[in-house]
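**Q** sequence isn't available, so here's the structure alone:
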Ligand code: TYD
């Protein structure tokens with residue numbers, strides 16, 4: 001197997017869309033095909049990431065004031081992992097990116113400006129889940145996990161992803177079907193055979 005060039009593949013979607021499961025399955029498949037892979041998660045486990053997770057549980061987390069604070073913190077947290085994106089031999093699979101900030105905080109210029117040092121993804125996989133299913137899959141611990149908010153987030157996503165090289169994957173299907181759709185979307189980008197996917 002030839003060494004692949006660096007690829008930064010980002011998984012996006014509303015809460016409960018199955019990103020972490022699909023990243024794990026894709027990672028195993030790419031590694032079985034001889035590729036070097038690293039998986040990243042945002043928010044990270046840094047001190048800033050821990051603070052973010054606390055703030056996500058505040059009852060005022062969706063207010064404009066706290067969302068602005070979160071926008072700043074997510075951008076800072078993200079900068080801490082940008083050095084991982086300089087390895088030109090690996091495929092990086094990331095659970096979220098600055099696209100989440102545009103969808104969840106605000107699809108606005110100040111978020112773009114704040115994230116101008118964040119690397120742009122080579123490919124965005126949008127796991128498209130029904131909002132009602134999303135809410136039923138989440139714990140409700142985070143203030144964001146409610147139908148009205150996630151409906152707006154999903155609307156934002158469907159607009160924003162048009163600015164990126166993206167594939168929409170129906171995440172309402174079972175894990176195996178979603179996984180094979182993900183592999184098909186990624187295969188040609190990393191030099192693997194689309195027809196070899198089971
Ligand atoms: P997490 O527990 O990882 O949710 P999930 O596993 O469902 O993705 O928490 C991440 C939460 O943070 C999720 O609700 C999305 C939100 N988020 C933002 O609002 N802005 C961002 O920039 C990022 C990266 C995440």
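**A** Sure, I can see it. A quick note: this is a predicted structure, and the numbers were derived from the prediction, not measured. Numbers count the residues shown, from 1 in each chain.
**Q** find the nearest non-adjacent residue to residue 121, please.
**A** residue 10 (4.0 Å; CB to CB, 6 or more residues apart in numbering). C-betas here are computed from N, CA, C, even on glycine.
**Q** what packs against the helix or strand where the one you found lies?
**A** If you go by DSSP states H and E, residue 10 is part of strand 7-12. Secondary-structure packing of strand 7-12 (3 or more CB pairs under 8 Å, 6 or more residues apart in numbering; DSSP states H and E): helix 19-32, strand 91-95, helix 98-104, strand 123-128.
**Q** just say which of those is most tucked in.
**A** helix 98-104 (a mean of 24; mean count of other CB atoms under 10 Å).
**Q** give me the longest helix you can find in this protein.
**A** helix 64-79 (DSSP state H).
**Q** what angle do that helix and strand 91-95 make?
**A** Orientation check (axes from the mean of the first three to the mean of the last three CA atoms, to 10 degrees): helix 64-79 against strand 91-95 gives 160 degrees.
**Q** circling back to that earlier point, since we're on the residue nearest to residue 121, how many residues are nearby?
**A** 26 (other CB atoms under 10 Å).
**Q** what lines up beside the strand holding residue 10 in the sheet?
**A** strand 91-95 (parallel), strand 123-128 (parallel) (DSSP bridges).
**Q** show me what from the chain comes close to the ligand.
**A** Taking CB under 6 Å from any ligand atom as the test, the list of the chain residues beside the ligand reads 15-16, 19, 42-43, 56, 70, 74, 96, 100-101, 104-105, 142, 144.
**Q** list the contacts for the most centrally placed residue in the chain?
**A** The residue lying closest to the centre of the chain (CA atoms, centre = their mean) is residue 96, at 2.3 Å. By CB atoms under 8 Å, 6 or more residues apart in numbering, the contact set of residue 96 is 10, 11, 12, 19, 41, 42, 43.
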